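Chemist: need a structure here:
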Amino acid sequence: MAHDEKVELLSRVGPLQGCSAAQLRTIARHAELTGILAGTVAIDEGAEAREVFLIVRGEADVSRGGRAVASLRPGDYFGEVGVLSSQRRDARVTARTNLEVLIFGRREFLALLATIPALNRSVLGTLASRLHHSQVAQLAV
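Modeler: Numbers count the residues shown, from 1 in each chain. Have a look, this model is predicted:
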């Protein structure tokens, strides 16, 4: 895929809509676009966290200990918790449909967070929201 096509895809992804064109070009340079077939485990619980995935097309399911905990759609990303905390994966993500994802290696993802404030805010906002929802879910049990 051409660099300009990646930039166009990124410009339509919700968490990145606050980024400038120059920032989107920088992000695109650090991303690898790949496909994941339906039914494939993209990341497995307990595995080493080496990359972050941003869904461009398709849907995925998240489970912990065999229990469904979330569904992911275009614009959602996963894998950032393990990369940020240098811990093993705390969930399994399985492609429900064929996926197109942009993959960022650990080093590239951390560098992007350090240099692109809009991306940093988006990731922090998502982490806060996930934490809030998990706490509400625990209270409901």
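
Chemist: show me where pLDDT drops low in the protein?
Modeler: Low-confidence segments of the chain, defined by pLDDT under 70: 1-3, 130-141.

Chemist: 80 - rerun?
Modeler: When residues are selected by pLDDT under 80, those of the chain lie in 1-5, 9, 12-18, 118-141.

Chemist: just want the most central residue of it.
Modeler: Nearest residue to the geometric centre of the chain (CA atoms, centre = their mean): Y77, 1.9 Å.

Chemist: which residues are in contact with that residue?
Modeler: Y77 makes contact with P15, V52, F53, L54, I55, V123, T126, according to CB atoms under 8 Å, 6 or more residues apart in numbering. C-beta: built from backbone N, CA, C; applies to glycine.

Chemist: at 7 Å instead, please
Modeler: P15, V52, F53, L54, I55 (CB atoms under 7 Å, 6 or more residues apart in numbering).

Chemist: again with A47
Modeler: Per CB under 7 Å, 6+ apart, neighbours of A47: R88, R89.
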